[in-house]
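K.L.:
got a predicted structure here, sequence first:
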Amino acid sequence: MGNKKQVDKDHDMKADMKADLEILEQKYKTYYNQVLVKEQPFYHRGMTDEEVTREQDYLNGNLKAFYEGRYMPLWKQIWFK
């Protein structure tokens with residue numbers, strides 16, 4: 001009997017975590033400001049949300065290069081390969 005209760009408890013916890021994640025994703029989409037994205041150094045017209053996320057992660061990981069003036073967005077790096 002104890003195992004069934006633990007399984008049910010784990011299942012409920014996973015369902016709660018999934019619901020919390022969905023709420024957070026919705027809040028992110030609600031507060032995601034396209035105007036601010038368009039002012040980022042990596043922005044180009046027609047970017048998908050996935051491209052924006054990838055470029056933001058890359059920029060955050062290369063802030064030193066950005067401050068030194070050596071930063072080049074991922075999409076632009078393709079031109080020089």
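P.N.:
On my side now, so go ahead.

K.L.:
three-state assignment of the residue nearest the centre of the chain?
P.N.:
What sits nearest the mean C-alpha location of the chain, by Cα atoms, centre = their mean, is residue 53, with 4.6 Å. Recorded secondary structure, residue 53: helix (DSSP: H, G, I helix; E, B strand; the rest coil).

K.L.:
ok, now how distant is it from residue 74?
P.N.:
Relative to residue 74, residue 53 is positioned 11 Å away (Cβ to Cβ, to the nearest Å). All C-beta atoms are positioned from the backbone trio N, CA, C, and that covers glycine.

K.L.:
could you chop this structure up by domain?
P.N.:
Using automatic domain parsing, the domain parsing of the chain gives 1-31, 33-81.

K.L.:
deepest-packed of these, please.
P.N.:
Of all these, domain 33-81 has the most neighbours on average by mean count of other Cβ atoms under 10 Å, namely a mean of 12.

K.L.:
for that one, what is the average pLDDT?
P.N.:
For domain 33-81, mean pLDDT rounds to 87.

K.L.:
same deal with stretch 15-30?
P.N.:
Stretch 15-30 carries an average pLDDT of 78.

K.L.:
can I get that stretch in PDB? Just the C-alpha atoms.
P.N.:
These are the backbone C-alpha positions of stretch 15-30, laid out as PDB (Å, rounded to 0.1, in the frame of the first residue of the first chain):
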ATOM      1  CA  ALA A  15       1.800  17.100 -12.700                       C
ATOM      2  CA  ASP A  16       2.300  20.200 -10.500                       C
ATOM      3  CA  MET A  17       5.800  20.800 -11.900                       C
ATOM      4  CA  LYS A  18       4.500  20.600 -15.500                       C
ATOM      5  CA  ALA A  19       1.700  23.000 -14.700                       C
ATOM      6  CA  ASP A  20       4.200  25.400 -13.100                       C
ATOM      7  CA  LEU A  21       6.400  25.200 -16.200                       C
ATOM      8  CA  GLU A  22       3.500  26.000 -18.500                       C
ATOM      9  CA  ILE A  23       2.600  29.000 -16.400                       C
ATOM     10  CA  LEU A  24       6.200  30.300 -16.500                       C
ATOM     11  CA  GLU A  25       6.300  29.800 -20.300                       C
ATOM     12  CA  GLN A  26       3.100  31.700 -20.700                       C
ATOM     13  CA  LYS A  27       4.400  34.600 -18.500                       C
ATOM     14  CA  TYR A  28       7.600  34.700 -20.500                       C
ATOM     15  CA  LYS A  29       5.600  35.000 -23.700                       C
ATOM     16  CA  THR A  30       3.400  37.700 -22.200                       C
END
